[in-house]
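Engineer: Here's my sequence, what's the structure:
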Amino acid sequence: MKFTMEKIPEGEDEVILRYCQMTPEVERIWKLLHGTQGKLTGWKEKTRVVLEVDKLLYIESVDGRTFAYTSEDVFAMDDTLSKLERFLDTVNFFRCSKSMIINIDKVQSLKSLPSNRIDAVMCNGEHVMISRTYASNFRKRLKGGREDE
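Structural biologist: Numbering: from 1, shown residues only. Below is the predicted model:
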């Protein structure tokens with residue numbers, strides 16, 4: 001992807017986004033420009049907290065409850081994993097197993113494992129398993145394609 005920036009002496013700021021095909025990367029840039037990256041709310045103890053989506057490492061469903069993880073904290077969520085997945089669909093999040101969505105931007109390294117699984121090491125050093133059911137779509141996503149292609 002080519003980037004061009006030009007400083008103008010006066011007038012209104014303008015951003016032009018040109019693309020041949022709507023890829024997840026282009027869609028993400030569009031959402032960022034429109035400020036629709038979004039925020040979520042969760043619970044820390046008995047206090048409702050506003051969570052910035054780009055700070056999340058992953059979201060997990062455990063025993064019927066949903067939790068969002070950052071590098072420092074864990075937050076209980078009101079929404080189901082499926083609802084959060086739909087909300088985060090155009091952001092760089094990916095369903096990596098039946099019970100987890102990961103933030104691709106927070107993946108530090110990847111290691112292929114037997115049975116077509118992938119071990120993803122997050123930026124905080126935590127290991128997250130990408131199940132074989134989702135592994136091929138994850139590889140496509142990393143190459144810039146859509147999972148449904």
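Engineer: show me where this protein has helices.
Structural biologist: Secondary structure of the chain by DSSP state H: the helices cover 24-34, 81-87, 132-142.
Engineer: how far out from the middle of the chain is the last one?
Structural biologist: Using C-alpha atoms, centre = their mean, to the nearest Å, the distance from the centre of helix 132-142 to the centre of the chain it belongs to is 14 Å.
Engineer: Which of the helices of the chain sits closest to residue 74?
Structural biologist: The closest of these to residue 74 is helix 81-87. By C-beta to C-beta, the value is 14.7 Å. In short, each C-beta sits where N, CA and C put it, glycine included.
Engineer: Flag every buried residue along that closest one.
Structural biologist: 81, 84 (16 or more other C-beta atoms under 10 Å).
Engineer: In CSV, could you pull the C-alpha coordinates for it?
Structural biologist: Listed next in CSV are the C-alpha coordinates belonging to helix 81-87 (Å, rounded to 0.1, in the frame of the first residue of the first chain):
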residue,chain,number,x,y,z
LEU,A,81,-19.0,-13.3,22.3
SER,A,82,-21.0,-13.4,19.1
LYS,A,83,-22.3,-9.9,19.5
LEU,A,84,-18.9,-8.6,20.3
GLU,A,85,-17.5,-10.4,17.2
ARG,A,86,-20.1,-8.6,15.0
PHE,A,87,-19.2,-5.3,16.6
